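Asker: what follows is a predicted protein model with its sequence.
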Amino acid sequence: MAVVDPVLWQRIIQQVVASGGNFIRPWFTKLEPISLEHGLLEIQVPGAREQEYCRRHVTRLFTEAAQAGTGRLVGVCFLTSAENTTVPPDGAEVLVEDTPTDARWAPYNEDYTFKAFINGPSNRLARAACLAISESPGKTYNPLFIHGSVGLGKTHLLQATCHEIARTTPGANISYLSCETFVNHFIEAVERGQLHEFRYRYRHADILVIDDIQFLSDHERTQEEFFHTFNTLYQSQKQIILSCDRGPAQIPGLEERLISRFNWGLVARIDRPCYETRVAIVRTKARLRDIELPEEVICFIAGKIDSNIRELEGAIAKVAMLAQVCDRPIDLPLAEEALGADPVATRREITIEDILNAVTSRFNVRLADLQSKKRSRSIAFPRQICMYLARNLTRHSLEEIGGYFGGRDHTTVLHANRTIDKRRGQDAQFQATLDLLAQEIQANGAGV
Ligand code: ADP
Ligand code: MG
């Protein structure tokens with residue numbers, strides 16, 4: 001088997017770091033090249049969840065880097081250690097596969113604990129409420145509604161609460177799931193005539209935790225079902241915890257009676273972390289991953305990235321990856337190389353204009369048509385792609401995105417998002433085109 005030249009791997013990773021933008025994840029440092037032969041670069045990933053992520057989001061990124069590095073038409077594939085059964089050359093340890101394959105049923109992340117969650121002014125109330133609930137579920141704040149924009153720790157807090165309750169109250173029936181899963185379960189239950197089982201399952205939970213409840217906005221029947229689930233649990237003093245990317249009243253298309261119930265207990269907002277909190281987070285995350293960061297590098301990263309914590313983690317990963325592949329110590333020059341020395345140039349947010357520019361030139365459509373009422377497929381399709389990209393790459397709300405495209409409402413944007421997501425899952429070539437577009441937009445947005 002052709003072992004991958006470390007210098008080549010270094011080059012590939014450097015390119016990935018340079019052009020990967022927000023797609024870089026902390027565990028990328030654990031990626032290992034397995035082999036390069038017959039035009040295929042095999043890369044080992046830590047587990048099934050990471051494999052799914054790589055396949056969906058960074059195949060194109062790695063393929064381009066591999067092709068640039070080798071100067072050949074190379075494909076890339078991501079394997080878990082279980083799939084990579086070949087004995088490693090020097091007897092190195094094979095990573096044990098420990099991630100469940102169906103993340104939908106086992107969505108816990110072991111790292112999401114209270115201990116690993118840094119307390120700061122931006123998240124104090126939400127954290128305190130979660131801690132109080134984990135001590136006496138159903139008795140303090142019910143429901144607890146946590147909201148804040150993406151990457152600020154909602155999922156982390158929700159899961160930390162579940163971990164803690166599972167630890168202190170063995171046998172408690174905890175249902176933690178994303179709202180999307182709840183919606184899908186409901187639809188499946190209706191289709192299969194299994195509503196009874198569905199109701200039994202959710203209405204007998206001791207603790208029901210639903211992440212990203214904004215997903216209810218477009219689903220009237222599920223809202224109705226959720227309303228009854230909520231009432232049943234609430235009346236029997238079972239704990240309900242919800243997270244959302246906005247406050248209850250801002251969720252588009254949400255029934256009034258649900259909005260009012262979401263406000264019955266405690267509504268806690270999480271804001272962007274301040275500099276001091278970011279410093280503490282970078283320090284903790286690096287320590288958790290056994291990455292030694294000098295103080296000046298910690299401050300540099302915390303000063304440079306102020307939007308969300310997932311991006312902070314991505315930045316740590318980039319620095320660590322660069323140090324690893326270049327076999328250099330982590331210092332300020334290396335961090336500047338990995339993240340770019342000029343904060344303004346690298347931090348510009350992606351705008352809808354960036355997306356429009358990329359899509360109009362790729363699909364050869366006019367901007368005016370995308371923003372018109374025209375519904376012909378040659379225009380509606382690129383418009384849906386724009387909406388999908390805007391939803392996934394910018395912070396704009398559904399209404400704002402709809403507004404950019406001929407004053408359409410949020411349900412049209414949600415529909416576009418789902419249509420494109422579905423096709424993406426079914427059509428590998430389409431997925432590659434989309435990924436490429438997203439990377440182009442990110443590279444431009446990052447000023448690279
Ligand atoms: P959200 O659900 O709000 O989009 P997540 O809970 O997924 O955000 O958080 C994104 C990442 O940031 C996670 O890896 C999480 O561990 C980390 N994170 C967020 N807030 C904190 C915090 N206060 N302390 C430590 N890590 C945090
Ligand atoms: Mg989340």
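Answerer: Yes, it's here. These figures come from a predicted structure and were not determined experimentally. Ligands and ions are numbered 1, 2, ... in the order given.
Asker: give me the neighbour count for Ile298.
Answerer: 20 (other CB atoms under 10 Å). Bear in mind the C-beta positions are built from the backbone N, C-alpha and C, glycine included.
Asker: can I assume it sits in a helix?
Answerer: Yes: read with DSSP: H, G, I helix; E, B strand; the rest coil, Ile298 is one of the residues of a helix.
Asker: so what's the residue count around the closest residue to Gln194 other than its chain neighbours?
Answerer: What sits nearest to Gln194 in space, not counting adjacent residues and going by CB to CB, 6 or more residues apart in numbering, is Glu188, at 7.5 Å. Other residues near Glu188 come to 11 when the count uses other CB under 10 Å.
Asker: was I right about Glu188 contacting Leu195?
Answerer: No: counting by CB atoms under 8 Å, Glu188 sits too far from Leu195 to count as a contact (10.2 Å).
Asker: list the buried residues for the helix or strand harbouring the residue nearest to Gln194?
Answerer: Element membership of Glu188 [criterion: DSSP states H and E] is helix 179-192. For helix 179-192, the neighbour count (16 or more other CB atoms under 10 Å) marks Cys179, Thr181, Phe182, Val183, His185, Phe186, Ala189 as buried.
Asker: mind checking pLDDT for the closest residue to the first one other than its chain neighbours?
Answerer: What it means is Cys179. Nearest residue to Cys179, sequence neighbours excluded (CB to CB, 6+ apart): Phe215, at 3.8 Å. Per-residue confidence (pLDDT) for Phe215: 93.
Asker: hmm, the helix holding Glu188 touching ligand 2?
Answerer: No: contact of helix 179-192 with ligand 2 (CB under 5 Å from the ion) is absent, the minimum separation being 10.5 Å.
Asker: which single residue in this protein comes nearest to ligand 1?
Answerer: With CB to the nearest ligand atom as the measure, the residue in the chain that lies nearest ligand 1 is Gly153; the distance is 2.6 Å.
Asker: which bits of the protein sit near ligand 2?
Answerer: Selection of the chain residues close to ligand 2 by CB under 5 Å from the ion yields Lys154, Thr155.
Asker: give me the phi and psi for Ile240.
Answerer: The main-chain torsion angles of Ile240 are listed as degrees, to the nearest 10 and equal phi -120, psi 130.
Asker: which residues sit in contact with the residue nearest to it when sequence neighbours are not counted?
Answerer: When the adjacent residues along the chain are set aside, Ile240 lies closest to Pro143, with 3.9 Å between them (CB to CB, 6+ apart). By CB atoms under 8 Å, 6 or more residues apart in numbering, the residues touching Pro143 are Phe230, Tyr234, Gln239, Ile240, Ile241, Leu242, Arg261, Phe262, Trp264, Gly265.
Asker: return the member of the residues you listed nearest to ligand 2.
Answerer: Ligand 2 has its nearest neighbour among those in Leu242, at 11.8 Å by CB to the ion.
Asker: returning to that earlier point: so how many other residues sit close to the residue of the chain closest to ligand 1?
Answerer: Residues within reach of Gly153, counting by other CB under 10 Å, total 25.
Asker: residue contacts, it?
Answerer: Gly153 sits next to Phe117, Asn123, Ala126, Ile270, Ile309 when contact means CB under 8 Å, 6+ apart.
Asker: what would the residues you listed look like in JSON lines with pLDDT, neighbour count and secondary structure?
Answerer: Written out in JSON lines, the entries for those read as follows (pLDDT from 0 to 100; neighbours: other CB atoms under 10 Å; DSSP: H, G, I helix; E, B strand; the rest coil):
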{"residue": "Phe117", "pLDDT": "95", "neighbour count": "21", "secondary structure": "coil"}
{"residue": "Asn123", "pLDDT": "94", "neighbour count": "27", "secondary structure": "coil"}
{"residue": "Ala126", "pLDDT": "96", "neighbour count": "27", "secondary structure": "helix"}
{"residue": "Ile270", "pLDDT": "94", "neighbour count": "23", "secondary structure": "coil"}
{"residue": "Ile309", "pLDDT": "93", "neighbour count": "23", "secondary structure": "helix"}
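Asker: check these and tell me the two furthest apart.
Answerer: The span of those, defined through CB to CB, is set by Ala126 and Ile309 at 13.4 Å.
Asker: residue contacts, Glu311?
Answerer: Glu311 makes contacts with Asn22, Gly151, Ile305, as judged by CB under 8 Å, 6+ apart.
Asker: where do the helices of the stretch 301-448 of the chain begin and end?
Answerer: 309-326, 332-339, 343-347, 352-363, 367-370, 377-393, 398-404, 410-426, 428-445 (DSSP state H, counting those that start in this stretch).
Asker: pLDDT weak spots in the stretch 251-400 of the chain?
Answerer: The model of the stretch 251-400 of the chain has pLDDT under 70 over residues 341-348.
Asker: just to revisit the earlier point, and the contacts of Pro143, which of them are in strands?
Answerer: Among the contacts of Pro143, the subset assigned to strands under DSSP state E consists of Gln239, Ile240, Ile241, Leu242.
Asker: is the first one bridged to anything, and to what?
Answerer: Partner residues in beta bridges with Gln239, using DSSP bridges, are Ile207.
Asker: tell me, how many residues neighbour the one residue in the stretch 51-200 of the chain that gets nearest to ligand 2?
Answerer: As assessed by CB to the ion, ligand 2 sits closest to Thr155 within the stretch 51-200 of the chain, at 3.3 Å. Residue neighbour count, defined by other CB under 10 Å, stands at 20 for Thr155.
Asker: which stretches of the stretch 151-300 of the chain form strands?
Answerer: Listed in chain order, the strands found in the stretch 151-300 of the chain under DSSP state E, counting those that start in this stretch are 174-178, 207-211, 239-244, 266-269.
Asker: export these to a markdown table and tack on mean neighbour count and distance to Ile420?
Answerer: Putting the strands of the stretch 151-300 of the chain into a markdown table (neighbours: other CB atoms under 10 Å; distance: least, CB to CB, whole Å) gives the following:
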| stretch | mean neighbour count | distance to Ile420 |
| --- | --- | --- |
| strand 174-178 | 20 | 19 |
| strand 207-211 | 24 | 22 |
| strand 239-244 | 26 | 23 |
| strand 266-269 | 19 | 30 |
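Asker: so which of those strands gets nearest Thr411?
Answerer: Taking CB to CB, strand 239-244 is the member of the strands of the stretch 151-300 of the chain nearest to Thr411, at 17.5 Å.
Asker: the closest one: how far from the chain's middle?
Answerer: Mean C-alpha position of strand 239-244 versus that of the full chain (CA atoms, centre = their mean, to the nearest Å) differs by 19 Å.
Asker: same question for stretch 235-244.
Answerer: Its chain's C-alpha centre lies 24 Å from the corresponding centre of stretch 235-244 when counted by CA atoms, centre = their mean.
Asker: quick check, that stretch touching ligand 1?
Answerer: No: with CB under 6 Å from any ligand atom as the threshold, stretch 235-244 lies outside contact range of ligand 1, at a closest distance of 6.5 Å.
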